[in-house]
Each structure stands twice: as C-alpha cells, then as structure tokens.
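# sequence first, then the predicted structure, then my questions.
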Amino acid sequence: MPTESPPAAEKTKTKTLAQRHATAAESAAHGRTRNLIIIISIFVAAAVLLGVFTWYLSCASVRAELSDGVQKVTTRATAYGTDHISVAAGLPVEWTLECDENIGTIDSIIQEYLGIDERLIAGGTVTVTFTPEDKGTFYVLSWDGTACCTANFCTIFVT
C-alpha cells in the first residue's frame, strides 16, 4: 500500500496563503455584518423607546379639581376618545364632556363598575356623575350603538 510522502501530507494540513487571506476576509466581513446588525438594533430600540415616551406624554391624565366637596373635571370628546382622568376615591365626581361636532360612530360611553352609561351628543355637552368607592384603574368603553363594537374611550385612575 503506497503511503504519501511527508511533504505532501503537510501540504494538505496547512492552508495556503490565499486560503488564509480568504478566511481572514470572510471573518472581517462577518464582523462588519455583526456590527451593522448591532447598530441597526440600537437605532430600532431607540425609535421604539421614543415612540413609547411620546405615547406616554400624549396619554397624560387630567386631574379633577375639588370644589364644594365635588371633584370636577372637563375633557373634550372626539371620535378617538378623550383624555384620561384622575380622581380620588370616596368623593363624588362631575365629569363634563365637551363633544366635538364629529364624534364619529360613538353613541355612548360605558363603565359598569363605576355606574357610567351616558349617551354622547355630537357638538353638545354631557355631564357624567359618579362616586368611585375603590381605588384602581377603570377603562371606559365607547359603544357605537350596535351589538358588536366597543373600543377604549379613556381610562379613569382612582387614587
């Protein structure tokens, strides 16, 4: 059985200079690609955080003011809902909704736990009264008058 000469065996084990340069180039390209992915990921994360921060600022709540033992708050109702409101537990609330002429398909607002069930009037003003007994976060739904469609109108924070 013929055996290979030692120089031929060594030649197959070691890479040629061209192969080593090709491997180094592939490694460098892989490193650049990895760095590019990291940079893109950082930009995407920053954009997401900026979006969340902007959304948070746009969702700031309006705090009710106490007047003669009643918490009073006024917000503007649009086809997209209204500002969130913050009230204190145990005191009556008088929430005035100034409705835009175009409130879209919104027919009424509902929050069963707080006893809110009011019909909105396009271009009109509606006053909602309730007394929150418990602290918590309560979601007010808008209803379009059909059997199927509700959406989040706003949030009431009770502290």
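All right, it came through fine. Numbers count the residues shown, from 1 in each chain.

# for stretch 80-93, buried residues please.
With burial defined by 16 or more other C-beta atoms under 10 Å, the residues of stretch 80-93 counted as buried are 81-87, 93. All C-beta atoms are positioned from the backbone trio N, CA, C, and that covers glycine.

# any idea which helix or strand in this protein has the lowest mean pLDDT?
helix 6-13 (a mean of 55; mean pLDDT, DSSP states H and E).

# for the helix or strand where residue 31 lies, give the mean pLDDT please.
Per DSSP states H and E, residue 31 falls inside helix 17-58. For helix 17-58, the mean pLDDT works out to 71.

# domain ranges for this structure, per the record?
6-58, 61-158 (automatic domain parsing).

# and those domains, which is most packed in?
domain 61-158 (a mean of 15; mean count of other C-beta atoms under 10 Å).

# what's the span of that domain from first residue to last?
For domain 61-158, the first and last residues are 11 Å from each other (C-alpha to C-alpha, to the nearest Å).

# from the chain's centre, how far out does that domain sit?
21 Å (C-alpha atoms, centre = their mean, to the nearest Å).

# tell me what residue 84 is bridged to.
As for beta bridges, residue 84 partners with residue 61 under DSSP bridges.

# and what of residue 116?
residue 111.

# ok, it to residue 95 distance?
8 Å (C-beta to C-beta, to the nearest Å).

# what's the answer for residue 130, then?
Distance from residue 130 to residue 95, by C-beta to C-beta: 8 Å.

# ditto for residue 31
For residue 31, the distance to residue 95 - C-beta to C-beta - is 59 Å.
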